[in-house]
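S.K.: let me see the structure of the following:
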Amino acid sequence: MNEIDLTGIGAAAAAKAIAEGAISSEDLVRACLDRIAECDGEIEAWAFLDPEHALAQARAADLARREGRTLGPLHGVPVGVKDIFDTADMPTEYGSALHAGRRPVDDASAVAQLREAGAVILGKTVTTPFALYHPGKTRNPRDPERTPGGSSSGSAAAVAAHMAPVAVGSQTNGSVIRPAAFCGVVGFKPTHGLISREHMLAQSRTLDQVGVFGRGVEDVAITAQAMMGFDHRDPDMRLRARPDLVGIATSEPPIKPNLALVRTPVWDQADESTKAAFDELVEILGDWIEEVILPEPFDEAHALHRTIMEAEIARGFADLHESGTDAQVPGLAEMIERGGAYKAVDYLRAVEGGGLLADVVDGLFERYDALITPAAPGAAPRGLETTGSPAFCTIWTLCGAPALTLPVMADEAGLPLGVQLVGKRGDDARLLRTARWLFELLAE
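M.R.: Modelled structure (predicted):
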């Protein structure tokens with residue numbers, strides 16, 4: 001056991017080691033708790049933590065293994081959960097004093113799926129208030145004077161600081177991919193509709209998606225797959241077989257993948273360090289990558305996304321606006337007012353337009369295995385008054401496409417620059433396999 005770095009182990013390796021008896025869940029959870037005690041005073045990634053409850057879950061997992069019971073794919077593995085997912089045994093406060101002390105009766109569907117897979121729910125990670133743009137208390141483990149991103153800031157920071165091997169977040173614009181890039185971890189946002197959002201704070205039915213942070217591609221694959229059970233309560237889910245993300249992600253591509261560099265209409269927002277890094281990446285990949293320019297309708301993608309998001313937020317948070325309590329959530333009142341001012345025809349055109357763009361993106365995968373684009377304009381910005389720009393994530397969230405960011409590049413100061421890969425809707429396993437191939441290629 002002493003030969004295994006318990007705080008550095010990934011979720012997939014941890015599950016295997018626990019199942020084989022090489023380590024215990026209790027030892028792994030205790031190591032995570034010790035790490036939290038050591039460094040979370042500065043990073044502040046956790047909104048709620050009950051060490052004894054976490055250890056009790058771990059001991060129960062160890063007892064189940066000793067008694068020979070069937071083990072799930074995440075048996076005994078500690079998982080951090082963003083504080084917008086309901087947990088029956090922990091508070092869920094949405095990062096806001098408006099919900100201080102809120103104790104849900106039921107687990108969110110995604111949390112229930114994790115428990116069914118054998119995971120230990122380690123604690124609740126910090127979200128920005130109501131998962132919006134105003135920063136939470138979390139600092140970036142790479143540099144505490146820089147933002148960790150938002151809104152899944154605590155989940156990204158907890159994984160980056162080795163306080164948990166894997167954590168769950170959500171994305172309505174760029175809230176998984178951006179903080180993963182800023183903190184230097186793998187972030188994965190599956191296809192819209194593959195993971196239930198039941199009992200998760202709802203911002204936008206059209207755009208809300210559950211995501212995962214981990215150390216490697218297999219780690220996010222095993223965690224996302226565990227949450228992909230069908231839930232009829234989420235209206236955007238369809239009854240289908242659970243995809244074999246892990247098996248395909250860890251297999252070798254039948255042929256070397258074809259990749260497309262997509263600069264997107266916001267390329268002018270990229271830092272010079274990002275542009276230089278992607279020029280270098282193109283040089284490394286050579287004949288395996290070619291540039292694709294998105295057609296002109298994509299110039300309107302960010303406006304379409306904003307219309308949908310703000311209109312649906314205005315509808316979903318109308319009660320807060322009517323009571324005036326939305327003023328206590330930074331930025332929410334203004335967003336509700338803008339969203340309420342849209343005409344119905346503009347909203348419907350935006351939804352239709354997003355669907356048409358998604359079809360165009362899907363068509364690119366007749367030739368390419370993945371699209372490559374920045375995860376963010378640059379490294380994490382200095383200062384804690386911002387969560388950074390989600391501009392390079394917006395199109396792919398609007399389209400509901402699976403996206404993943406890899407921590408394979410850095411700027412001149414050594415800060416992480418994320419490489420975002422985008423796949424075809426519903427073909428998440430192929431995207432993960434291509435990402436793992438690229439990760440290993442660039443690590444050589």
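
S.K.: every contact and neighbour count from this point should use C-alpha atoms.
M.R.: Will do.

S.K.: isn't residue 237 up against residue 194?
M.R.: Yes - using CA atoms under 8 Å, residue 237 is in contact with residue 194, at 6.3 Å.

S.K.: between those two, which one's more packed in?
M.R.: residue 194 (29 against 18; other CA atoms under 10 Å).

S.K.: using PDB, write out every CA atom in stretch 308-326.
M.R.: This file holds the C-alpha atoms of stretch 308-326, laid out as PDB (Å, rounded to 0.1, in the frame of the first residue of the first chain):
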ATOM      1  CA  ILE A 308     -31.900  30.700 -25.200                       C
ATOM      2  CA  MET A 309     -30.100  30.800 -21.900                       C
ATOM      3  CA  GLU A 310     -31.400  34.100 -20.700                       C
ATOM      4  CA  ALA A 311     -35.000  33.400 -21.800                       C
ATOM      5  CA  GLU A 312     -35.000  30.100 -20.000                       C
ATOM      6  CA  ILE A 313     -33.400  31.500 -16.900                       C
ATOM      7  CA  ALA A 314     -36.100  34.200 -16.900                       C
ATOM      8  CA  ARG A 315     -38.800  31.600 -17.000                       C
ATOM      9  CA  GLY A 316     -37.100  29.300 -14.400                       C
ATOM     10  CA  PHE A 317     -36.300  32.000 -11.800                       C
ATOM     11  CA  ALA A 318     -39.400  34.000 -12.200                       C
ATOM     12  CA  ASP A 319     -40.400  33.400  -8.600                       C
ATOM     13  CA  LEU A 320     -37.200  35.000  -7.400                       C
ATOM     14  CA  HIS A 321     -37.700  38.000  -9.600                       C
ATOM     15  CA  GLU A 322     -41.300  38.500  -8.400                       C
ATOM     16  CA  SER A 323     -40.200  38.400  -4.800                       C
ATOM     17  CA  GLY A 324     -37.200  40.600  -5.400                       C
ATOM     18  CA  THR A 325     -34.800  38.100  -3.900                       C
ATOM     19  CA  ASP A 326     -33.000  37.800  -7.300                       C
END
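
S.K.: quick check, residue 321 in contact with residue 333.
M.R.: Yes - the criterion here is CA under 8 Å, and residue 321 meets it with residue 333 at 6.7 Å.

S.K.: now for these two: what residues contact both?
M.R.: residue 327 (CA atoms under 8 Å, 6 or more residues apart in numbering).

S.K.: re earlier: what touches both of residue 237 and residue 194?
M.R.: Contacts common to residue 237 and residue 194, judged by CA under 8 Å, 6+ apart, are residue 230.

S.K.: pull the helix or strand with minimum mean pLDDT from this protein.
M.R.: None of the helices or strands of the chain scores lower by mean pLDDT, DSSP states H and E than helix 318-323, at a mean of 92.

S.K.: quick one: contacts of that one?
M.R.: 326-327, 333, 336.

S.K.: please, where are all the strands along the protein?
M.R.: 46-49, 78-82, 120-125, 166-171, 186-189, 209-214, 259-261, 289-291, 370-374, 403-410, 416-422 (DSSP state E).

S.K.: sorry, back to before: which members of the contacts of helix 318-323 occur in helices, if any?
M.R.: Judged by DSSP state H, helices contain the following of the contacts of helix 318-323: 333, 336.

S.K.: among the contacts of helix 318-323, name the buried ones.
M.R.: Buried members of the contacts of helix 318-323, counted by 16 or more other CA atoms under 10 Å: 326, 333, 336.

S.K.: excluding its backbone neighbours, what's nearest the last one?
M.R.: The one in question is residue 336. Excluding its sequence neighbours, the residue lying closest to residue 336 (CA to CA, 6 or more residues apart in numbering) is residue 314, at 4.3 Å.

S.K.: can you check residue 239 too?
M.R.: residue 230 (6.0 Å).

S.K.: ok, residue 355 touching residue 396?
M.R.: No - judged on CA under 8 Å, residue 355 makes no contact with residue 396 at a distance of 11.4 Å.

S.K.: more crowded one of those two?
M.R.: Comparing residue 355 with residue 396 by neighbour count (other CA under 10 Å), the higher total belongs to residue 396, at 23 against 15.

S.K.: quick one: pLDDT of that one?
M.R.: The confidence metric pLDDT takes the value 98 at residue 396.

S.K.: ok, it - contacts?
M.R.: 402-403, 422.

S.K.: in TSV, list the residues you listed along with distance to residue 69, pLDDT and neighbour count.
M.R.: Formatted as TSV, these follow (distance: CA to CA, whole Å; pLDDT from 0 to 100; neighbours: other CA atoms under 10 Å):
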residue	distance to residue 69	pLDDT	neighbour count
402	34	98	26
403	35	98	30
422	38	99	29
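
S.K.: low-confidence ranges, the stretch 1-150 of the chain, go.
M.R.: By pLDDT under 70, the low-scoring segments of the stretch 1-150 of the chain are 1-3.

S.K.: all helices of it, in order?
M.R.: 11-20, 25-43, 51-66, 109-116 (DSSP state H, counting those that start in this stretch).

S.K.: so what's residue 25 up against?
M.R.: Contacts of residue 25 by CA under 8 Å, 6+ apart are 18, 58-59, 61-62, 76-77.

S.K.: the closest residue to residue 123 other than its chain neighbours: how many residues sit nearby?
M.R.: Spatial nearest neighbour of residue 123, excluding adjacent residues (CA to CA, 6+ apart): residue 49 at 4.8 Å. Neighbours of residue 49 under the rule other CA under 10 Å: 18.
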